[in-house]
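J.: Whatever this is, show me its structure:
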Amino acid sequence: MPKISDIQETPNPNAVKFILREPVTHGVARQFGSAAQAQTDTLAKSLFDVGSVVSVFYMDNMITVEKEDPADWDELLPTLAVPIRAAESVATGPPAGAAAIGGAIAAVTSDDPRLLQINNILDEKVRPALMGDGGYVEVIGLQEHTLKIRYQGACGSCPSSLSGTLMAIEGMLKQEVDPEIEVVAV
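T.: Alright, predicted model coming up:
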């Protein structure tokens, strides 16, 4: 049962990040954008069951919960803490129906050497910052010069993800990987 070490605001006003003393996964990102997607995941389902939750993301010792806009954090936080404290660590394999597993999988299943380079850059320069804000970025695929990514956690609906962060990622990858690359968030 994880103990909550801290609760942090994120740049997304509708998302908070719970920092845990014990991990709930070991290197596997889990993203659920609806209660229906979370039906096979005990932790995510219990958070959606609280009500007013629109997405759940967790990885290692971090859980990010996004609420409906009208919901009040002062009322919601104590209620969300109950299932988080009751959670058990989950297996390291992907759950049935999970929307995302993590960007490195794409590099393993593709023979394009640029994907490995892109994931290394994201791992070193981008993902740690996004995780600090309660989010993550997953590589969906690379076709010719178009890289498709998916923001997760607090980044999934944050306006700065779709503007500043996306442009920064694209600029970095143009400079270090391919000057013709275009990054598209899906």
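J.: make it CA atoms for all contacts and neighbour counts henceforth
T.: OK.
J.: domains of the protein?
T.: 4-86, 104-185 (automatic domain parsing).
J.: Give me the distance between the longest one and the centre of its chain.
T.: Going back to what we said before, that points to domain 4-86. 11 Å (Cα atoms, centre = their mean, to the nearest Å).
J.: Same check on stretch 164-182?
T.: Distance of stretch 164-182 from its chain centroid, counting by Cα atoms, centre = their mean, is 20 Å.
J.: before we move on, the earlier item: any chance of TSV for the domains of the chain, columns mean pLDDT and mean neighbour count?
T.: Output for these, formatted as TSV (pLDDT from 0 to 100; neighbours: other Cα atoms under 10 Å):
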stretch	mean pLDDT	mean neighbour count
domain 4-86	92	18
domain 104-185	84	18
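J.: what's the helix or strand for Asn12?
T.: For Asn12, there is no enclosing helix or strand under DSSP states H and E.
J.: Please report phi then psi for it.
T.: phi -90, psi 110 (degrees, to the nearest 10).
J.: What helices and strands are in contact with the strand or helix carrying Gly171?
T.: Using DSSP H and E, Gly171 sits within helix 166-176. The contact analysis (3 or more Cα pairs under 8 Å, 6 or more residues apart in numbering; DSSP states H and E) places helix 166-176 against strand 182-185.
J.: Give the partner strands of the strand it packs on in its sheet and their orientations.
T.: Sheet pairing for strand 182-185, assigned by DSSP bridges, gives strand 146-153 (parallel).
J.: what does the strand or helix carrying Leu47 rub up against?
T.: Using DSSP H and E, Leu47 sits within helix 42-49. With contact meaning Cα atoms under 8 Å, 6 or more residues apart in numbering, helix 42-49 is reached by 32, 34-35, 38-39, 53-56, 80, 83-84, 87-88.
J.: Not counting its neighbours along the chain, what's nearest the residue nearest to the spatial centre of the chain?
T.: The chain has Gln152 as the residue nearest its centroid, 3.2 Å off, counting by Cα atoms, centre = their mean. Nearest non-adjacent residue to Gln152, counting by Cα to Cα, 6 or more residues apart in numbering: Tyr136, 5.0 Å away.
J.: That neighbour in helix, strand or coil?
T.: strand (DSSP: H, G, I helix; E, B strand; the rest coil).
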